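1. Got a predicted model here, sequence first, then my questions.
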Amino acid sequence: NRDMYEGTRTAREEDFSGIRKILRPLEESGVLVQRTDKELLEALKSFIVVERDGSIIACAALFPFFEDKSGEVAAIAVSEECRGQGQGDKLLDYVEKKALSLGLEKIFLLTTRTADWFVRRGFKECSVESIPVKRRKRINLSRGSKYYIKRLQPAEIGHMAANNFALK
């Protein structure tokens, strides 16, 4: 269903302030890792946004590690006024399809908060050994994050769908 992803797309430079606005309160409360404006700008092309009426209402980032055929899902955030409307599901679904279209087999995330939401969506807690070495070197151990991983099932979305998705 194409409508499901309406307004969901890869971030552009002009989305910077909208993404910043959603992430800032979560960074300030310690839910998300703080990024400088420079770091956020550099990571912008890895972000996916949900746009409604010209404003960004949700975002997530996917950082691929091709040598491990895995991708990190980071900075999943939904603006306060849009929480509980399924935007998080929509984003995660889009991220998974994008990961599959990039040839990735699994996605992982680090979180300091309750991960029930991710567990209900097929993620399982894993050890740091499951995280790509390149990413492990950059883990801030003082945050005390837990690691979660999900294997992606290409069969679920069918070959055609994956190809169509990659062309969008």
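-> Arrived safely.

2. Flag every buried residue along the lengthiest strand in the chain.
-> In the chain, taking DSSP state E as the definition, the longest strand is strand 55-65. By 16 or more other Cβ atoms under 10 Å, the buried positions in strand 55-65 come out as 56, 57, 58, 59, 60, 61, 62, 63, 64, 65. Backbone N, C-alpha and C define where each C-beta goes, glycine included.

3. Same question for stretch 79-86.
-> For stretch 79-86, burial by neighbour count (16+ other Cβ under 10 Å) applies to 79, 82.

4. same deal with stretch 113-130?
-> Neighbour-count burial for stretch 113-130 [16+ other Cβ under 10 Å]: 115, 118, 123, 130.

5. Would you mind giving the residues you listed as CSV with pLDDT and secondary structure added?
-> Formatted as CSV, the buried residues of stretch 113-130 follow (pLDDT from 0 to 100; DSSP: H, G, I helix; E, B strand; the rest coil):
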residue, pLDDT, secondary structure
115, 89, coil
118, 95, helix
123, 97, coil
130, 95, helix
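
6. Pick out whichever of those sits closest to residue 40.
-> residue 118 (22.7 Å; Cβ to Cβ).

7. what residues are up against that closest one?
-> Contact partners of residue 118, counting by Cβ atoms under 8 Å, 6 or more residues apart in numbering, are 109, 111, 148, 150.

8. wait, isn't residue 61 in contact with residue 43?
-> Yes. Under the criterion of Cβ atoms under 8 Å, residue 61 makes contact with residue 43 at 6.1 Å.
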